[in-house]
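J.: Build me a structure from this.
(chains A and B)
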Amino acid sequence: MKKKFNYLLLLACTVFINVVAFAQERLPLSDKPEMAVGMRANGKIYVVVAVLVTILAGVVLYLVNLDRKIRQLEKSTGTP
Amino acid sequence: MKLGRDWWKIACVIMLLYTFIGGFLGGVPAKPILNETIRNLYFHVVMWFSMMVFFTVSVVYSIKYLRSGKISDDIHAVEFANCGLLFAVLGLVTGAIWAKYAWGKAWSNDPKQLGAAIATLIYFAYLVLRNSMTDLDKRARIGAVYNIFAFAMLFPTLWIIPRLVESLHPGGMGNPAFDTKFIDSRMRVILWFGAFPGWTLLGIWITSLRIRLSKIAEKKFSFS
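T.: Alright, predicted model coming up:
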């Protein structure tokens, strides 16, 4: 019984989401609510930011890894 | 990573993140010709600022070496010069890319371009001179003396001569490059609190790794 209820709830949710989506689609362009459009805002500059932050993260992770390896080497050779 | 020991590496990452995010999303003054490329200030220009720091540290260690004779000072001097050269080459290449789209030509024999190229070559000569000698002490001593002469040429070629003549770079004919005509306070905050310390610390981080590797290699050499 409970399982059936869950299915019904899920169905209701999907239908509701669809209704909301259709309602948004039907709105004329000028009435569209101003929403954060994330990665497409401002001439897609956020995409460039994401790319650069990814590159920075890669370089930093590489350096951290190198740092750790050199520290192990220092320990094994007894270099201060 | 330990906070007490590596706090400056964490600070470096935070400042670079601030530069990359704030540098692209923050406001910049609208200028003709430059348009959005003015954001290169956080990247291209900072390469040269950081390079100045590394070459200055390098010459300080060279003087220290001449006074102390410790091989560790020589390792510091050469590795900071190496890192300065990396940033100088990056500065030249990024400058050429920027010049292509702002001035029309990648290389237009601008006095600052020529000065930067000369300074870079002088420092490459430092590495060539060092590596041409096999005797460790002689190499370190002659290298240290040459490094002082190279440093003496650095400021004339990059700061003094380009300011005495007409230049495409801002700062020609004796004007300071960073007055309110060129950048505003929004850019200045990111430049001095994000880009400059962030990139400089990244260079110091890379240099510190190379110094530690050199010391391990040196130790291994002297015992075998």
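J.: Can you give me every residue that contacts the residue most central in space within chain B?
T.: Centrality entry for chain B: nearest residue to the mean C-alpha point is residue B:51, 1.0 Å, by C-alpha atoms, centre = their mean. Counting by C-beta atoms under 8 Å, 6 or more residues apart in numbering or on different chains, residue B:51 makes contact with B:84, B:87-88, B:91. From N, CA and C alone the C-beta is placed, and that goes for glycine too.
J.: So which bits of chain A are right by chain B?
T.: Taking C-beta under 8 Å from any C-beta of the partner chain as the contact definition, chain A meets chain B at A:42, A:45-46, A:48-49, A:52-53, A:56, A:60, A:63-64, A:66-67, A:70, A:73-74, A:77-79.
J.: could you redo the last one with a cut-off of 6 Å?
T.: A:45, A:49, A:52-53, A:56, A:60, A:66, A:70, A:73, A:77, A:79 (C-beta under 6 Å from any C-beta of the partner chain).
J.: Buried subset of those residues as a PyMOL selection?
T.: Buried members of the residues of chain A next to chain B can be picked out in PyMOL with the line below, counting by 16 or more other C-beta atoms under 10 Å in any protein chain shown:
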select buried, chain A and resi 49+52+56+60+66+70+79
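J.: Save the residues of chain A next to chain B as TSV, and put in pLDDT and secondary structure too.
T.: Conversion of the residues of chain A next to chain B to TSV gives the following (pLDDT from 0 to 100; DSSP: H, G, I helix; E, B strand; the rest coil):
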residue	pLDDT	secondary structure
A:45	76	helix
A:49	83	helix
A:52	87	helix
A:53	89	helix
A:56	91	helix
A:60	93	helix
A:66	92	helix
A:70	92	helix
A:73	89	helix
A:77	85	helix
A:79	76	coil
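J.: Show me the two of the residues of chain A next to chain B that sit farthest apart.
T.: Greatest spatial distance among the residues of chain A next to chain B (C-beta to C-beta): A:45 and A:77, at 47.5 Å.
J.: who are the neighbours in contact with residue 60?
T.: Since no chain was named, I'll use chain A. The contact partners of residue A:60, by C-beta atoms under 6 Å, 6 or more residues apart in numbering or on different chains, come to residue B:13.
J.: measure it to residue A:47 for me?
T.: Plainly put, residue A:60 is 20 Å away from residue A:47 if you go by C-beta to C-beta, to the nearest Å.
J.: got it, and residue B:97?
T.: The value you get for residue B:97 to residue A:47, if C-beta to C-beta is used, is 20 Å.
J.: Run through the neighbouring helices and strands of the helix or strand hosting residue B:120.
T.: Here residue B:120, judged by DSSP states H and E, is contained in helix B:111-131. In this structure, helix B:111-131 makes packing contacts with helix B:136-155, helix B:161-164, judged by 3 or more C-beta pairs under 6 Å, 6 or more residues apart in numbering or on different chains; DSSP states H and E.
J.: Comparing the ones you listed by mean pLDDT, which bottoms out?
T.: If you rank these by mean pLDDT, helix B:161-164 sits at the bottom with a mean of 83.
J.: Can you tell me what sits against it?
T.: Among residues not part of helix B:161-164, those counted as contacts by C-beta under 6 Å, 6+ apart are B:111-112, B:115, B:171, B:174.
J.: On the C-terminal side of the lowest-mean-pLDDT helix or strand in chain B, identify the next helix or strand.
T.: Sorted by mean pLDDT, DSSP states H and E, the helices and strands of chain B end with helix B:161-164, the least confident at a mean of 83. Read in the C-terminal direction, the helix or strand following helix B:161-164 is helix B:185-190, with elements assigned using DSSP H and E.
J.: Need the CA coordinates for that following helix. PDB is fine.
T.: Once side chains and other backbone atoms are set aside, the C-alpha atoms of helix B:185-190 remain, and they are given as PDB (Å, rounded to 0.1, in the frame of the first residue of the first chain):
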ATOM      1  CA  SER B 185      40.500  51.100  -7.800                       C
ATOM      2  CA  ARG B 186      38.400  48.000  -8.700                       C
ATOM      3  CA  MET B 187      41.400  46.700 -10.700                       C
ATOM      4  CA  ARG B 188      43.900  47.900  -8.200                       C
ATOM      5  CA  VAL B 189      42.500  45.800  -5.400                       C
ATOM      6  CA  ILE B 190      42.600  42.600  -7.500                       C
END
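J.: Pull out the buried positions in it.
T.: B:187, B:190.
J.: is it anywhere near chain A?
T.: No: counting by C-beta under 6 Å from any C-beta, no contacts exist between helix B:185-190 and chain A, the nearest distance being 13.5 Å.
J.: secondary structure class for residue B:107?
T.: For residue B:107, the assignment made with DSSP: H, G, I helix; E, B strand; the rest coil gives coil.
J.: burial of it, as a residue count?
T.: For residue B:107, the tally of surrounding residues (other C-beta atoms under 10 Å in any protein chain shown) stands at 14.
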